[in-house]
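Chemist: I would like the atomic coordinates for the input below:
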Amino acid sequence: MLDDKLAKHIQEHGPLPDVVDTNLPSTSRTDAGLIRGSLSVPPPPGGSGNSQGSGGEPRPKKRKQAGGTKEYVPAFRSGPYALLVTLYRNMQNPDSRGFMARAELQREAQPLCDKSFTLPDPGSHYTAWSSMGGLVKKGLVIKDSNPAKYYITDKGSELAHKLELIGEQGVSGSSPQEDSEDMAFTLTGPGNAALTTGLHAGRTESCIDVTSLPSMDVNPNMRRDVGRAARETVLSEMETDESQGSVTSRYKDDSKSRQPLFTLSPGEFEVVLCVDTQETTGGAAGSRKVNLVPELQKNSVRCDVRNLHVGDFLWVAREKVKRLPGQLHPPLPRELVLDYVVERKRMDDLASSIKGSRFKEQKFRLKMSGLRKPIYLVEDFGSSAAHFCLPEATLQQAVVNTQVTDGFFVKRTADMKESVTYLTLMTHYLQSLYAGKTLEGYSREDLQDQSSTLNLNASVIKLLTFPEFNETSVKNKVISVKEMFAKQLMQFHGMSKEKVAAVVNTYPTPVALLQSYSRCGSAAEKERMLAPLKYGHTKRNLGPALSKAVFQLYCSTSNLQ
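Modeler: Reported below is the predicted structural model:
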């Protein structure tokens, strides 16, 4: 009876409209169609289904509800959020190189993220750094070169800029502990109607009108001020929630009270000798190099062969780690570089490096490595020096200058076997020396103000992390103008590291030096401008001879004399 009346009504008035009850949680067009199908409703005349109206004309499709396109936005204090904001802030820094290395990026982004960038959670293989691949795929970050360099794209800068401004206004009004990976916010406005990810059930959604946000062509200084304000806001919130176990002011960017990246207490680490791969293979002495590591292992020396960008041997404090339940592999141990690095030179190799100008460059890179106890291991090669490309007296003088002038510790050995014995004794000595010490890991930037003298009596020793040490010691890495200026000044005869430091600290670039020269009244005044500069611990003057030489190089238009 009801079916007949329904069919008659459809023939007279057309098909029934699709009615969806918005109060029902799971009602859809498909469900409504199934209900009508169960009533065996005949198709309306002039067509089949609901695609046509009573006049046989196609029914207009319903327009989708206006709401804007969804854009990707990382959750507050998640891995992608911290990486994007850190790269964006680095780009705003006038001293930025335009990219960030992995270790540097992880260190700077860690205060903005609730999860670790280096250590996975128990039972998981993923860290906050695992999200970097997604940022690269979405075109927000570019990964290039080897070692990897990370650049933020224009698209990533625009998103990070909005995140900075929203962070300044307060994303959710809650403490960082209440926010998790699946917390997000909504941006409304033209082109950004719903920059939304999942919210916790029952949580109020925060909406910010993007039209009220400054566009990306704002002044760079204002961007830096906004970023600084956002960072201070987040840190102040973090400090006020100590009762819930939040990250506190240990991550403040305060150069006067820098906190270690991690700490290794006594008994939590072991001393390992790292051997450069070039010391185990290749060269004319290949057969003897092959025996190096086995000889060390016979002497109960724990050694590891790896690619070292500076030095041939060094020692690291490696964290002792244990496999946790549910993990297939134990987590990677953290490593700190002890302040001892060895450059091994056979006499014939020493002669060729002096003749080829590698000798000064290698010593310079050892000094700039950040390790305070460089050692030059000079190994004799045969009883006769007749086959050397330089006189023996020149080689002996170079060895003496390395110890007296450059401040290196020089160790002379007779052959490879004696060198192995020395490395064995040094390893055992360092194991006993650092056994009762607490070791703190810092970045190179944090250790710049550290004293050049190593205090072995201290109970706590600050050391450089191995990943940053090796990455910042790459020979062909992109160097700053200040570093290139220093390398130029090192070519002057009689110009030591301390003298170069005195010049570049006063005049960081050649442009700054030339501008200072232009303010001098006469050529004689320009020649004497650098003479009173103080250098080193003795605070001696740079001297008129070097001052005149530098002036002639950068200001003279005639041939140098």
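Chemist: C-alpha from now on. contacts and neighbour counts both.
Modeler: Will do.
Chemist: Distance of Asn90 relative to Glu468?
Modeler: 17 Å (C-alpha to C-alpha, to the nearest Å).
Chemist: swap in Tyr88?
Modeler: Counting by C-alpha to C-alpha, the gap from Tyr88 to Glu468 is 21 Å.
Chemist: what's the distance between the closest residue to Leu83 other than its chain neighbours and Gly134?
Modeler: Counting by C-alpha to C-alpha, 6 or more residues apart in numbering, Leu83 lies nearest to Ala109, which is 5.7 Å off, once chain neighbours are set aside. Distance of Ala109 to Gly134, given as C-alpha to C-alpha: 16 Å.
Chemist: likewise Val404?
Modeler: Val404 is 53 Å from Gly134, by C-alpha to C-alpha.
Chemist: Tell me if Leu336 really is in a helix.
Modeler: No. Using DSSP: H, G, I helix; E, B strand; the rest coil, the secondary structure at Leu336 is strand, not a helix.
Chemist: Not counting residues beside it along the chain, what's closest to it?
Modeler: Using C-alpha to C-alpha, 6+ apart and skipping the chain neighbours, the partner closest in space to Leu336 is Thr465 (4.4 Å).
Chemist: How many neighbouring residues does that neighbour have?
Modeler: Summarising burial for Thr465: neighbours were counted as other C-alpha atoms under 10 Å, giving 23.
Chemist: And for the one 4 residues further on?
Modeler: Neighbourhood size, Phe469 [other C-alpha under 10 Å]: 21.
Chemist: Could you check the pLDDT of it?
Modeler: Note on Phe469: pLDDT of 89.
Chemist: Can you name the residues that contact the residue nearest to Leu336?
Modeler: Applying C-alpha atoms under 8 Å, 6 or more residues apart in numbering, we find Thr465 in contact with 335-337, 441-443.
Chemist: change it to 10 Å
Modeler: Going by C-alpha atoms under 10 Å, 6 or more residues apart in numbering, Thr465 touches 103, 261-262, 316-317, 334-338, 440-444.
Chemist: Now, of those, which are buried?
Modeler: Neighbour-count burial (16 or more other C-alpha atoms under 10 Å) applied to the contacts of Thr465 gives 103, 316-317, 334-338, 440-444.
Chemist: Looking at those residues, which one is closest to Lys417?
Modeler: Checking these against Lys417 by C-alpha to C-alpha gives Val316 as the nearest, at 22.9 Å.
Chemist: what secondary structure does the closest one sit in?
Modeler: strand.
Chemist: so what's the nearest residue to it once chain neighbours are set aside up against?
Modeler: Nearest non-adjacent residue to Val316, counting by C-alpha to C-alpha, 6+ apart: Val337, 4.4 Å away. Counting by C-alpha under 10 Å, 6+ apart, Val337 touches 271-272, 274, 314-318, 370-371, 441, 462-470.
Chemist: Quick check: ChimeraX command selecting the buried ones in the residues you listed.
Modeler: The buried residues among these can be selected in ChimeraX (16+ other C-alpha under 10 Å) with this line:
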select :271,272,274,314,315,316,317,318,370,371,441,462,463,464,465,466,467,468,469
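Chemist: just checking, which of the contacts of Val337 belong to strands?
Modeler: 271-272, 274, 314-318, 441, 462-465 (DSSP state E).
Chemist: For Arg318, give me its contacts.
Modeler: 264, 268-272, 332-337, 466.
Chemist: how does it look with 7 Å?
Modeler: Neighbour list for Arg318: 269-272, 333-336 [criterion: C-alpha atoms under 7 Å, 6 or more residues apart in numbering].
Chemist: With Ser265 instead?
Modeler: 438-439.
Chemist: how about the helices of the stretch 1-150 of the chain, start to end?
Modeler: Under the criterion DSSP state H, counting those that start in this stretch, the stretch 1-150 of the chain carries helices at the ranges 2-13, 29-38, 79-92, 102-109, 132-137.
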